[in-house]
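Student: everything below, folded, please.
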Amino acid sequence: MPRYLNVGAAQLGPIARDEQRATVVLRLIDLLQQGAAAGCDLVVFPELALTTFFPRWYLDEGDASNISGDTTELDSYYERSMPGPETQSLFDEAKRLGVGFSLGYAELTEPDNVGVVHRFNTTILVERDGTIVGRFRKVHIPGHEAHEPWRQFQHLERRYFEESNEGFPVFEAFDGVVGMATCNDRRWPETYRVMGLQGVELVMIGYNTPMFYAPDPTQNALAGFHNHLVMQAGAYQNGTWVVGVAKGGIEEGVESLAQSAIIAPSGQIVAQAVTIGDELITARCDLDWCKQYKETLFDFERYRRPEVYARITAQKGATAPGATKQDGVIS
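Tutor: Alright, predicted model coming up:
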């Protein structure tokens, strides 16, 4: 019997800098309820779905300005527990409706065994009974660390988040094998292949992607094309469904890409958002369709040649033929 999973991609429009968590959670609940009405088993929310995209500002941890009144502005964007007092209602509604979800947010951990607090760009997977069954912390952190005032706006993810060392796990949930990635992770083929080697059948990806790319503005016009290109390639080359979900529109003066999409194992887009605001798109995903690619053209066991791929994990930067590397400099 085919394994059908009804999936909703819950695109969000802008979230203002001073918008309260409670208001955002109500928006998420509304989209979850729309998903339930459409027969969804699973609703996918974007990256950093609870707050504005705060890496666009240079904020000191000791900055006196704040939103919540009792923490710095920077710390106010992070979640210290999940669910927490302001997000519990989303979990309660998911359980009541019998609809699972994935949710991206900024995570502030408890101190580790040496007293260090960690900050991650995190996504969790919640089953239909409201329980957390999976967690992913963003691996490929883009942007920069230092204040760069020449930019129209900052992209300080590398200042505010740590790179995860947990890799790309997959989870047996929703009657299939599912995994998660976040924003910039979608641009790297290794993201999909590592999960593909674990038999993934559905990859959920939330993103916040500005339409203006300061290091090379010539890429701006291709933002939508590149967004779909990498996700469609990842789906096809690994025989998996991919659900890419945006927080789009003009947020605090910065225009971000929308174009959320649900992509089949064939690489075809089967559903796409048509607005730049809060919008739910859905698709009936046949997880067994994945076998048509996993057991034919991309039969990894039969066709892969890992013995000739060693360079992929042994080397980080590109090295031209004949070049030697000394003290970090290619000559």
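
Student: for this protein, what spans make up the helices?
Tutor: Here the chain has its helices, by DSSP state H, at 21-37, 73-76, 88-97, 157-160, 189-196, 223-238, 291-294, 300-303, 310-314.

Student: and the ones you listed as JSON lines, adding distance to Ala10, mean pLDDT and mean neighbour count?
Tutor: Placement of C-beta: from N, CA and C, glycine included. As requested, those are exported to JSON lines (distance: least, C-beta to C-beta, whole Å; pLDDT from 0 to 100; neighbours: other C-beta atoms under 10 Å):
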{"stretch": "helix 21-37", "distance to Ala10": "4", "mean pLDDT": "98", "mean neighbour count": "17"}
{"stretch": "helix 73-76", "distance to Ala10": "24", "mean pLDDT": "93", "mean neighbour count": "19"}
{"stretch": "helix 88-97", "distance to Ala10": "11", "mean pLDDT": "98", "mean neighbour count": "18"}
{"stretch": "helix 157-160", "distance to Ala10": "22", "mean pLDDT": "96", "mean neighbour count": "20"}
{"stretch": "helix 189-196", "distance to Ala10": "21", "mean pLDDT": "98", "mean neighbour count": "21"}
{"stretch": "helix 223-238", "distance to Ala10": "17", "mean pLDDT": "98", "mean neighbour count": "19"}
{"stretch": "helix 291-294", "distance to Ala10": "27", "mean pLDDT": "98", "mean neighbour count": "17"}
{"stretch": "helix 300-303", "distance to Ala10": "32", "mean pLDDT": "98", "mean neighbour count": "10"}
{"stretch": "helix 310-314", "distance to Ala10": "34", "mean pLDDT": "94", "mean neighbour count": "9"}
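
Student: can you lay out those helices as a markdown table showing distance to Pro142?
Tutor: Below are the helices of the chain laid out as a markdown table (distance: least, C-beta to C-beta, whole Å):
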| stretch | distance to Pro142 |
| --- | --- |
| helix 21-37 | 24 |
| helix 73-76 | 19 |
| helix 88-97 | 28 |
| helix 157-160 | 6 |
| helix 189-196 | 13 |
| helix 223-238 | 13 |
| helix 291-294 | 29 |
| helix 300-303 | 29 |
| helix 310-314 | 20 |
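
Student: so which of these gets nearest Val139?
Tutor: For Val139, the closest of these is helix 189-196, at 7.3 Å, according to C-beta to C-beta.

Student: in stretch 175-191, what's buried?
Tutor: Going by neighbour count (16 or more other C-beta atoms under 10 Å), the buried part of stretch 175-191 is 176-187, 191.

Student: repeat for stretch 35-48
Tutor: Quick answer for stretch 35-48 (16+ other C-beta under 10 Å): 35-36, 40-48.

Student: now do the end-to-end distance for that stretch.
Tutor: The stretch stretch 35-48 measures 20 Å between its terminal residues, going by C-alpha to C-alpha, to the nearest Å.

Student: what's opposite Val242 in the beta bridge?
Tutor: Val242 has these beta-bridge partners by DSSP bridges: Val203, Ile263.

Student: if you could redo that for Gln11, that was the one I meant.
Tutor: With DSSP bridges applied, the residues forming beta bridges to Gln11 are Glu279.

Student: around it, count how many other residues there are.
Tutor: 30 (other C-beta atoms under 10 Å).

Student: residues in contact with the closest residue to Gly234 other than its chain neighbours?
Tutor: Leaving out its chain neighbours, the residue that sits closest to Gly234 by C-beta to C-beta, 6 or more residues apart in numbering is Tyr192, at 3.5 Å. By C-beta atoms under 8 Å, 6 or more residues apart in numbering, the contact list for Tyr192 reads 181, 200, 203, 234-235, 237-238, 240, 242.
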